[in-house]
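> Have a look; sequence and predicted model below, questions after that.
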Amino acid sequence: MLPETARRVDEIVASAQANGRVPSLIAGVVRDGTLTHVSGAGELPRPEPDTQYRIGSISKTLTATLVLQLRDEGRLDLDDPLHRHLPGTPLGDVRLRDLLAHVGGVQREPDGQWWERSAGMDTDDLLAGLNAGKVAYPPHDRYHYSNLVYGVLGALIERVAGQPWHAQLAKRLLEPLELGRTTYHATEPFARGYVVHPWHGTLREEPRHDAGAMAPAGQLWSTVRDLARWAAFLADPVPSVLDPATLAQMCTPVVISDVDAWTSGHGLGVQLWRRGERVYVGHTGSMPGYLAVLAVHRPSRTGVVAFANAYTLRHGGISGLGLDLLDAVLDREPARIAPWRPGAAPPPEVEVLTGRWWWMGTEYESAWDAAGRALVISSLDRPGATPWRFTQDGVDRWRCRSGSNDGEIMMVRRSGTGAVTALDIATFVFTRDPWSAP
């Protein structure tokens, strides 16, 4: 980062620690897959990139990823009702996708003591405590955040995969992504978590209980260095771990949680925030004595992670801190513009599809992306519109992968002699002549 950007990040972190009255605060900035800047404030403990803090509900992003991996393997479907995998579960026909996005209508917490500050129950007891009364709203009706849901999803992962949630987590995510300092229990060095007295600023250390069956909702510990790797993954996933198309699906809005201003929502396991023209993905987290935030701007592959070791952070909270930091970086340093490079010539059967095309008096340009093996069609009348990227799906058949025609089929029309006469995109016919009839 530029020195002035780093200084601004340091100022925001120092101000948040001082005004928020937290013993220790640390933040990291991720760009293009690399932790480029770390900023810390406070002395209890002195913030370091490899010091663990509890990440709370950021754990849910990893749990959701496990569910999507199982879906990609064909072991479940997002439209499956929960009881298909957990027979006898009295939550009706709530779909897995609704549970992931907090639109299943399930109440926020399990019954009994506050799970975050007490020893956790086992999976059998968690499931035994479910009943029809746990549905607070009709499914699909509205956004209602639920920690309980993610405990249940952890049980589903165990049932489908045949191993406990934490074993699947290590095998599928922590080990492949080399997140060696992301652990189930705290390992030294780790920051102790506190409640700060509002009147005289003294500290009370909070307990660090094992959440048991609720662990998939908020158990994990991590570091700035490790969580930066997870942020980089959410910006640009490793295909061998998660299909990029699957991550894009996770980050697509399922519900708007702020229906008046449309500034926040939820995808499949990730929170979404809108700041101006930008949309950020990630999650916040809290456990007794800890706050955390992860926010990523996927188009620029830029992210921010931050931890505090106090349960409250005045003046904007942990989400405000994360979004302010991300704004500060992107406002000062927009994404680098990739240099143009010469490409390879398209195959002859593709070259005849390039050039100018017309639909209803509107001009389009078709170009070949050799690196991506895609035919890219752009509107010349609307230069800001997302281009349509088509990949070959058979003889004279192409599937769109972006923009307003995403998912649609383009068929190449030919004359009796085999010459290309038109491109038919979902019945919209594009020709070489602006006056040509379909």
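Structure's in. What do you need? Numbering: from 1, shown residues only.

> From G129, how far out is the closest residue to T123 other than its chain neighbours?
Nearest-residue entry for T123: A213, 4.5 Å, with adjacent residues in sequence omitted and distances by Cβ to Cβ, 6 or more residues apart in numbering. All C-beta spots, glycine's among them, are computed from the backbone N, C-alpha and C. With the distance defined as Cβ to Cβ, to the nearest Å, A213 ends up 10 Å from G129.

> before we move on, what about P383?
When Cβ to Cβ is applied, the distance between P383 and G129 equals 57 Å.

> Have a look at those two and say which one is more surrounded.
Taking neighbours as other Cβ atoms under 10 Å, P383 and G129 compare with G129 leading, 15 against 8.

> Let me see the domain layout of the protein.
The record assigns the chain these domain ranges, following automatic domain parsing: 3-332, 348-430.

> Could you dump these into JSON lines with mean pLDDT and distance to A338 added?
What follows is the domains of the chain, written out as JSON lines (pLDDT from 0 to 100; distance: least, Cβ to Cβ, whole Å):
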{"stretch": "domain 3-332", "mean pLDDT": "93", "distance to A338": "11"}
{"stretch": "domain 348-430", "mean pLDDT": "95", "distance to A338": "11"}
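
> Out of those, which is closest to W340?
Judged by Cβ to Cβ, the one of the domains of the chain that comes nearest to W340 is domain 348-430, at 11.7 Å.

> Now do the helices in this structure.
When secondary structure is read from DSSP state H, the chain shows helices at 3-20, 59-72, 96-100, 123-128, 147-161, 165-169, 215-218, 224-235, 244-250, 317-332, 348-351.

> just those helices: most buried one?
Across the helices of the chain, the average number of neighbours (mean count of other Cβ atoms under 10 Å) peaks for helix 215-218, which reaches a mean of 26.

> Need the residues that contact stretch 162-175.
Where contact means Cβ atoms under 8 Å, 6 or more residues apart in numbering, the residues beyond stretch 162-175 that reach it are 62-63, 65-66, 69, 154-155, 157-158, 161, 179-180, 182, 184, 215-216, 219, 241.

> try 7 Å this time
Outside stretch 162-175, the residues within contact range by Cβ atoms under 7 Å, 6 or more residues apart in numbering are 62, 65-66, 69, 154, 157-158, 161, 182, 184, 215-216, 241.

> for stretch 246-259, same thing?
For stretch 246-259, with Cβ under 7 Å, 6+ apart as the criterion, the contacting residues are 64, 68, 72, 101, 103, 143, 234, 237, 262, 264-270, 272, 281, 298.

> try stretch 203-210
Outside of stretch 203-210, the residues within contact range by Cβ under 7 Å, 6+ apart are 23, 117-120, 186, 192-196, 288-289.

> Name only those of those that count as buried.
Neighbour-count burial (16 or more other Cβ atoms under 10 Å) is assigned, among those, to 23, 120, 192-194, 196, 288-289.

> Mark which of those are part of strands, please.
Among the buried ones among the contacts of stretch 203-210, the members falling in strands (DSSP state E) are 194, 196.

> can you redo the buried ones among the contacts of stretch 203-210 as CSV with distance to S436?
Below are those laid out as CSV (distance: Cβ to Cβ, whole Å):
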residue, distance to S436
P23, 72
G120, 68
R192, 73
G193, 69
Y194, 73
V196, 72
P288, 69
G289, 70
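
> for the buried ones among the contacts of stretch 203-210, which one is nearest R399?
The nearest member of the buried ones among the contacts of stretch 203-210 to R399, counting by Cβ to Cβ, is G120 at 46.1 Å.

> List the residues that contact the closest one.
Contacts of G120 were listed using Cβ under 7 Å, 6+ apart, and they are 209-215.

> Name the nearest residue to it, ignoring sequence neighbours.
Distances taken as Cβ to Cβ, 6+ apart place G212 nearest to G120, at 2.2 Å, with adjacent residues excluded.

> could you list every residue that touches that neighbour?
120-122.

> and with 8 Å instead?
G212 makes contact with 119-123, 126, according to Cβ under 8 Å, 6+ apart.

> Can you report how many residues lie near N309?
Neighbours of N309 under the rule other Cβ under 10 Å: 29.

> For it, give its distance to G322.
N309 sits 16 Å away from G322, going by Cβ to Cβ.

> and if you look at R181?
Plainly put, R181 is 20 Å away from G322 if you go by Cβ to Cβ.

> From D72, how far out is R389?
Distance of R389 to D72, computed by Cβ to Cβ: 21 Å.

> I meant R46, not that one.
Plainly put, R46 is 42 Å away from D72 if you go by Cβ to Cβ.

> my guess is E43 meets S24, correct?
Yes - between E43 and S24 a contact is recorded at 7.2 Å, counting by Cβ atoms under 8 Å.

> Same drill for the two, tell me which one is more crowded.
The residue with the greater number of neighbours, taking E43 and S24 and applying other Cβ under 10 Å, is S24; the counts read 24 against 10.

> Not counting its neighbours along the chain, what's nearest that one?
Closest to S24 by Cβ to Cβ, 6+ apart is G42, at 4.0 Å.

> Count residues in the vicinity of that neighbour, would you?
A count of nearby residues for G42, using other Cβ under 10 Å, gives 22.

> cool, and the one 4 residues further on?
The local packing count at R46 equals 13, with neighbours defined by other Cβ under 10 Å.

> roughly how far apart are G56 and S240?
Using Cβ to Cβ, which is the criterion applied here, G56 is 28 Å from S240.

> which one of these two has more residues nearby?
Summary of the neighbour comparison: G56 and S240, criterion other Cβ under 10 Å, with G56 having more neighbours (26 against 7).

> any idea how far that one is from Y311?
Distance of G56 to Y311, given as Cβ to Cβ: 10 Å.

> With adjacent residues omitted, what lies nearest to R71?
Of all residues apart from its sequence neighbours, L78 sits closest to R71 (Cβ to Cβ, 6+ apart), at 5.9 Å.

> thought the one you found was touching R95?
Yes - contact between L78 and R95 holds when scored by Cβ under 8 Å: they sit 6.8 Å apart.

> So for these two, which sits in the more crowded spot?
Neighbours were counted for L78 and for R95 using other Cβ under 10 Å; R95 has more, 19 against 16.

> ok, the more buried one - contacts?
Taking Cβ under 8 Å, 6+ apart, we find R95 in contact with 78-82, 104, 139.

> who wins for neighbours among those residues?
Neighbour counts for these peak at G104, which has 28 neighbours (criterion: other Cβ under 10 Å).

> That one and T89 touch, don't they?
No - proximity of G104 to T89 does not meet the contact threshold set by Cβ under 8 Å, at 11.6 Å.

> Excluding covalently adjacent residues, which one is nearest to A306?
If you skip the residues right next to it in sequence, A306 has A27 as its closest partner in space, 3.9 Å away by Cβ to Cβ, 6+ apart.

> if I pick the one you found, what's in contact with it?
Applying Cβ under 8 Å, 6+ apart to A27 gives the contacts 9, 13, 38-40, 224, 304-307, 321-322, 325.
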